[in-house]
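Engineer: Okay, here's the prediction I keep looking at, along with the sequence it came from:
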Amino acid sequence: MTGVDDPRHKDDRWRRLEALVARAQRRDPSLNGAEWADLAALYRAVVADAARARARAADDATLAWLDGLMGRAHNALYRAQPRRVDVVVFVLQQVPEAVRRNGRLFALCSALFWGFFVAAACVAYTAPQFARSLCGDATIEALRRMHAEAPQAGRSLTEGLSGVAFYVQHNTSIAFNAFAAGMFAGAGSLYQMVVQGLYAGAAIGFLAGDHKGLHIVTFVCGHAVWELTALVVAGTAGLRAGWAWVAPGPLTRRDSLRAARQDVSTLVVGAAVMLAVAACIEAVWSPSQVPMALKWGFGAAQAVVVVAWLGGWRPQRRGAP
């Protein structure tokens, strides 16, 4: 430890902790999960430094400074107060940043969901009984009736609003299961990715084999990218929380979970926003009497928006290099 007798010549980790605490006290929204974990580790290191300083009978100024730093760090970690949230910045910046910070977990959840989706769709297309065994006869028959033909008439405003409420409740319950299952060391979220991929793929594959694939694709293309991506994001949140407990690294499990809290909450709220968008589209646009080509174009546009949003694309300013 260097400079323990003079707080003006601080150890590098003291400087780092002081900078992180200052950002935490300012409620800096860019302070990410890894930096919170660093703050927790540095806090424990400085506690040990202070103990050694006392054992060496350091001067009162040094001890007072270290005590002040420890107090501020403790408050930043354990007594953080609620802060005002800029909704636009949160949705447009913080949510995609949280997804990219957890890119590997997001990629794993995506691979599981879409891998089993495609596999189940292929099997159900060639072996319809697979879909019936997996989803149940009642569900399959309901889907057949629902997509027997393309929508012939739009919904009234009252029906549309009722539909929004229904789809928000229905889709949110599925996504919440994908997140909450992460409490089982993250394995539950992975399981939900597999199960939901199987169910969705089997339904699509069955309807395609039953000559209703065009109807179902036309119906879901507008909202599916929001809904299914939200499911994967919710699964990522559950896996992030579970992994923080399974592999805390140099932190205690409590501190690891605390460090993951910001990313997890951001991902969960981001998934909720996506589900709300999906519900509005599914209730009003998807069943409307709009030409098929226009619905497909709209669906393609939604896919571009979601990819650009989560991928962090920003328009280049004029004069920028």
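Structural biologist: Right, received. Where do you want to start?

Engineer: so who does the closest residue to Gln25 other than its chain neighbours touch?
Structural biologist: Nearest residue to Gln25, sequence neighbours excluded (C-beta to C-beta, 6 or more residues apart in numbering): Ala76, at 6.3 Å. Just so you know, the C-beta spots here come from the backbone N, C-alpha and C atoms, and that holds for glycine as well. By C-beta atoms under 8 Å, 6 or more residues apart in numbering, the contact list for Ala76 reads 20-21, 24-25, 39.

Engineer: and if you look at Leu31?
Structural biologist: Neighbour list for Leu31: 20, 23-24, 262 [criterion: C-beta under 8 Å, 6+ apart].

Engineer: Apply 6 Å and report the result again.
Structural biologist: Arg23 (C-beta atoms under 6 Å, 6 or more residues apart in numbering).

Engineer: Please apply the same query to Arg240.
Structural biologist: By C-beta under 6 Å, 6+ apart, the contact list for Arg240 reads 102, 105, 260, 263-264.

Engineer: would you turn those into JSON lines with distance to Arg254, pLDDT and secondary structure?
Structural biologist: Below are these laid out as JSON lines (distance: C-beta to C-beta, whole Å; pLDDT from 0 to 100; DSSP: H, G, I helix; E, B strand; the rest coil):
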{"residue": "Asn102", "distance to Arg254": "20", "pLDDT": "93", "secondary structure": "coil"}
{"residue": "Leu105", "distance to Arg254": "21", "pLDDT": "94", "secondary structure": "helix"}
{"residue": "Ala260", "distance to Arg254": "11", "pLDDT": "85", "secondary structure": "helix"}
{"residue": "Asp263", "distance to Arg254": "16", "pLDDT": "90", "secondary structure": "helix"}
{"residue": "Val264", "distance to Arg254": "15", "pLDDT": "90", "secondary structure": "helix"}
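
Engineer: I'd like the distance between Ala121 and Ala200.
Structural biologist: 8 Å (C-beta to C-beta, to the nearest Å).
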